[in-house]
Structures are given as structure tokens and as C-alpha cells.
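Enquirer: sequence plus the predicted model coming up.
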Amino acid sequence: MKQQTSAWLQTQRLLAHQQPERPRHGLSVEGELIGSIEESLVGQLGADALKQYGLELHWRNDTWVLDGQADCTLRLNQLAKLMRAQGLAGAWRDEQLLVCNAAGLKMATIERGAVRPLGIATHAVHLVGYGEDGALWVQQRSEDKANNPGMWDTLMGGMVSAQDSLPEALARETWEEAGLHLTELAQVAHGGSIEFSRPSDEAEGQGYMVERIDWFSALVPDVLQPVNQDGEVQRFERLTLSALEDWLVQGRFTPEASLVLASYMGW
């Protein structure tokens, strides 16, 4: 590996794991830790507004506890709606994501737009698509994406929603973003996983990203070309490995795609 590439990769790995910019405290429901929250966000929500949504946030044992009469899922989604009403949520997607405890057991689900401000761990999937000559298909994200607009990404990158298994998310996102069916591809294989924990600019900079990305690779036969279906991709390009390395070092790719592609390259 060239010295320049090695230095770039070291920087990317450091950026993938960063401490919060401001202190965060645990967020729990039903005695289980599910995320983290800044004290300033608690103050912005306000006790009166929380009560109107049937909620209370109590400070117990250095942790914010979300109480209420409703079950965990309804309670968390009421909190998400309040955050949205006060401009403290991320982009609203009408998509439910799993909420798990520290042991990884399912506790509830919550609107995707609330996970970063609440420091709730998420699960994503990426697909590295390569041609018969070894060149890689990459996509340019649309300019109206909430995160990293206009940057370059793997052939497909998306969230695993609450109703999806990992294989289901891989198939759904591959069709939505690239217009390809997994059954049309060859040599589909799980490549590995990457962990992220770093500040997020959602909720006026009060978000924190905790995410596991499982990535896969697949051969895209030359008779096929990706075609976006959901409006979230500007265009696709097919890059030689040499060109890909140049684009990575130039910072054209999202942080997530950068480490997925580096892993695929064996760096």
C-alpha cells in the first residue's frame, strides 16, 4: 500500500471512532440502557411538553429514564414526535428501526429520524458491486440527501429497518438504490462488518452515531447496469481499482463507504 493511502486509511479509522463533543448520559427504558442523550436536549424538550405527550424523563443513577404509561415502542415514538415538533429530530423517514438493549436484545422500535439525537445503535448494509473486469460500480448520492449529499458511495448502502432481516434489507436496498435483483448477481458473499461511533450533526449537533455496517460483495454481470429506483442516487460510475484508490484518498466518498471499500480492497 502506498504511503499516502496508508496515512489516509489511518485517519479514516480514527474518524470512525470519536468521543462525543459534549458529555452524554445514558438513556434507558424499562431498566435497560438503549442509547445516550445530551442534558441540553432534555432541557430543550421541557418537562411540560413531555407531559403533554404522556412522557417523563427522570434522572436516576446517572441515567435519563424515559417513563410513561404506554409500552416502550409507543413511548419512544411519542418522544420522536415531540422532538420533530420542536425541530430536534433528524430527517423524518416514517421508517421504524430496532431499539436494542446493551446485550443486543430487542426492546422496541422507533422512527429513524430520532435515533442519532438519542444515541440509539443502528444497523446498516452495503453492497460492493464489481464487474467482470474487476472494476467497481459506485453511486453518487443525490443532493437532497440528509447526510453527505453529493458524495460518492458503494453500489448500495442502506439501513436495516425493524421489519427486515439482514438478507431482506440487502435485497430491498439493492433494488431500490440500484434496480438490481440479487438473483441476477453472482458470487454474493458477506465481506465483513465495520463499527462506527462518532458525533452526528443531527438535532442541532446533538446527535451521536453508533452503527454496525455489514457489507457484501457481488459480481454484476456486464449485461446489467444499475438504475436508481428511489430518487436517492444521481448517477453511477464504474471505476478501475486505481481510479477508486485515487477517489478515496481525495475524500470523495462518505466515511462509511470509505472504510467498506478499503476493507474490500484488503487494506
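Expert: Structure received. Keep in mind that what you see is a predicted model, and the values were worked out from it rather than measured. Residues are numbered from 1 along each chain as shown.
Enquirer: can you give me phi and psi for Thr122?
Expert: phi -120, psi 170 (degrees, to the nearest 10).
Enquirer: also Tyr130?
Expert: Residue torsions, per degrees, to the nearest 10, at Tyr130 are phi -120, psi 150.
Enquirer: residues touching it, list them.
Expert: 136-137, 217-220 (Cβ atoms under 8 Å, 6 or more residues apart in numbering). Using the backbone N, CA and C atoms, a C-beta is placed for each residue, glycine as well.
Enquirer: Leu9 in helix, strand or coil?
Expert: helix (DSSP: H, G, I helix; E, B strand; the rest coil).
Enquirer: from what I can see it touches Met265, true?
Expert: No - counting by Cβ atoms under 8 Å, Leu9 sits too far from Met265 to count as a contact (9.5 Å).
Enquirer: so these two - more neighbours on which side?
Expert: Between Leu9 and Met265, counted using other Cβ atoms under 10 Å, Leu9 has the larger neighbour count: 19 against 16.
Enquirer: and the helices in the stretch 151-267 of the chain?
Expert: Assigned by DSSP state H, counting those that start in this stretch, the helices in the stretch 151-267 of the chain fall at 166-178, 202-205, 241-249, 255-264.
Enquirer: so for the longest one, what's the average pLDDT?
Expert: What it means is helix 166-178. Helix 166-178 shows a mean pLDDT of 98.
Enquirer: same question for the shortest one.
Expert: Computed over helix 202-205, the mean pLDDT rounds to 80.
Enquirer: got the buried residues for that helix?
Expert: Within helix 202-205, the residues that qualify as buried are 202-203, counting by 16 or more other Cβ atoms under 10 Å.
Enquirer: could you number the chain from 17 rather than 1 from now on?
Expert: Will do, 17 is the new start, and the previous item becomes helix 218-221.
Enquirer: then that helix to PDB, C-alphas only?
Expert: Presented in PDB, the C-alpha positions along helix 218-221 are these (Å, rounded to 0.1, in the frame of the first residue of the first chain):
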ATOM      1  CA  GLU A 218     -28.400  16.000  13.700                       C
ATOM      2  CA  ALA A 219     -30.600  17.700  16.300                       C
ATOM      3  CA  GLU A 220     -28.500  20.900  16.100                       C
ATOM      4  CA  GLY A 221     -25.300  19.000  16.500                       C
END
